[in-house]
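1. I would like the atomic coordinates for the input below:
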Amino acid sequence: MNDNKLALGIDIGSVSVALALIDSNKQIIEAKYVRHLGQPLKTLEKALSELLEKYPAENIGWTATTGCGGQLAADQLDATQTNEVIAQARATAMLHPEMRTIIEIGGEDSKLIFLDKDPQTGEIIVTDFAMNTLCAAGTGSFLDQQAHRLGLTIEEFAELALQSKNPPRLAGRCSVFAKSDMIHLQQLATPVHDIVAGLCYAMARNFKSTVGSAQELVPPIAFQGGVAANKSIIHAFEEILDISVGTLTIPE
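-> Numbers count the residues shown, from 1 in each chain. Just a heads-up that it's a prediction; the model follows:
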């Protein structure tokens, strides 16, 4: 990339489009996160139009895409497409080279990525990774669906869950079973903050028993993806993974 040019990163996920514009010092100078509501390319077009009003296209020297819709965007923009596991690993290696495990939970998938230092080159490399199955029960969409059922925004969901002192146990491996458990708890007049906290713990247990069962999580651990912005999920993961508060690093 030309030293005087900007770099544009585009992440098209299952629920959102994210843009990051980076200068020659690798500092983010503009960022956007937009839920695409099933129209990723239209959402991307609008977000790019808004971005290019502030930063002319001729100032952008390089564009890269990632995420499940990254290839579609790359084809249209003549951009470089990067596998999302590699993108997560490379970014973590640059920002937090001490990390050895990445937990990443997005809208419809979750990943566990293991990193280590190459003894010959000293470069941080991916040594292994695991992903969830086709079911989205342990992902951000699962939380969105349940929050919607309770008439809550995901932000309200997160704040309420932190109020719970005694979260009930809910099914976490299947959204249908989780819904049945929620209905039963509502019939028992269980407080809403306990129900949503139970869902957070269900997600954490689901991750540990499925994706996280592949091999031991080696600290330090980075927690990434949209779900990592949910403080109640962080709290649940700390308890379920039996790690001390503050052990999970949430990259900026």
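2. just give me the longest helix of the chain.
-> Identified as the longest helix of the chain according to DSSP state H is helix 192-209.
3. what is the helix or strand following that one packed up against?
-> Following helix 192-209 in sequence order, the next helix or strand is strand 221-224 (DSSP states H and E). Under the contact definition 3 or more CB pairs under 8 Å, 6 or more residues apart in numbering; DSSP states H and E, strand 221-224 sits against helix 84-95, strand 101-105, strand 248-249. (Each C-beta comes from the backbone N, C-alpha and C, glycine too.)
4. repeat that with 7 Å
-> Applying 3 or more CB pairs under 7 Å, 6 or more residues apart in numbering; DSSP states H and E, we find strand 221-224 packed against strand 101-105, strand 248-249.
5. please identify the most buried of those strands.
-> Scoring these by mean neighbour count under mean count of other CB atoms under 10 Å gives strand 101-105 as the most buried, with a mean of 24.
6. listing partners with orientation, what would you give for it?
-> When sheet partners are counted by DSSP bridges, strand 101-105 sits next to strand 110-117 (antiparallel), strand 221-224 (parallel).
7. save those as CSV, and put in distance to Ala158 and mean pLDDT too.
-> Shown next, in CSV, are these (distance: least, CB to CB, whole Å; pLDDT from 0 to 100):
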stretch, distance to Ala158, mean pLDDT
strand 110-117, 18, 95
strand 221-224, 14, 96
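8. okay, now the unreliable bits of the stretch 51-200 of the chain?
-> 133-137 (pLDDT under 70).
9. that one: strands as residue ranges?
-> Counting by DSSP state E, counting those that start in this stretch, the stretch 51-200 of the chain has these strands, from start to end: 60-66, 80-81, 101-105, 110-117, 124-131.
10. what are the pairing partners of the shortest one, and which direction each?
-> Each strand pairing with strand 80-81, determined using DSSP bridges, is listed with its direction: strand 60-66 (parallel).
11. now do the buried residues in the partner strand.
-> Neighbour-count burial for strand 60-66, counted by 16 or more other CB atoms under 10 Å, picks out Ile60, Thr63, Ala64, Thr65, Thr66.
12. spatially nearest residue to Thr63 (excluding sequence neighbours)?
-> Closest residue to Thr63 apart from its sequence neighbours, by CB to CB, 6 or more residues apart in numbering: Ala79 at 4.0 Å.
13. phi, psi of that neighbour?
-> phi -110, psi 170 (degrees, to the nearest 10).
14. could you report the neighbour count for it?
-> Neighbour count of Ala79, defined by other CB atoms under 10 Å: 19.
15. just the pLDDT at Met1, thanks.
-> Confidence at Met1, expressed as pLDDT, is 51.
16. same question, His36
-> Predicted confidence (pLDDT) for His36: 94.
17. these two touch, right, it and Ala18?
-> No: with contact defined as CB atoms under 7 Å, His36 does not reach Ala18; the gap is 10.2 Å.
18. in this structure Trp19 contacts Ala47, no?
-> One thing to correct before we go on: residue 19 is Leu, not Trp. Yes: using CB under 7 Å, Leu19 makes contact with Ala47 at a distance of 5.7 Å.
19. shared neighbours, those two?
-> Lys32 (CB atoms under 7 Å, 6 or more residues apart in numbering).
20. can you add distance to Pro251 and give the strands paired with strand 101-105 back as JSON lines?
-> Output for these, formatted as JSON lines (distance: least, CB to CB, whole Å):
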{"stretch": "strand 110-117", "distance to Pro251": "13"}
{"stretch": "strand 221-224", "distance to Pro251": "6"}
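21. quick revisit: of all the buried residues of strand 60-66, which comes closest to Leu52?
-> Using CB to CB, Ile60 is the member of the buried residues of strand 60-66 that lies nearest Leu52, at 8.4 Å.
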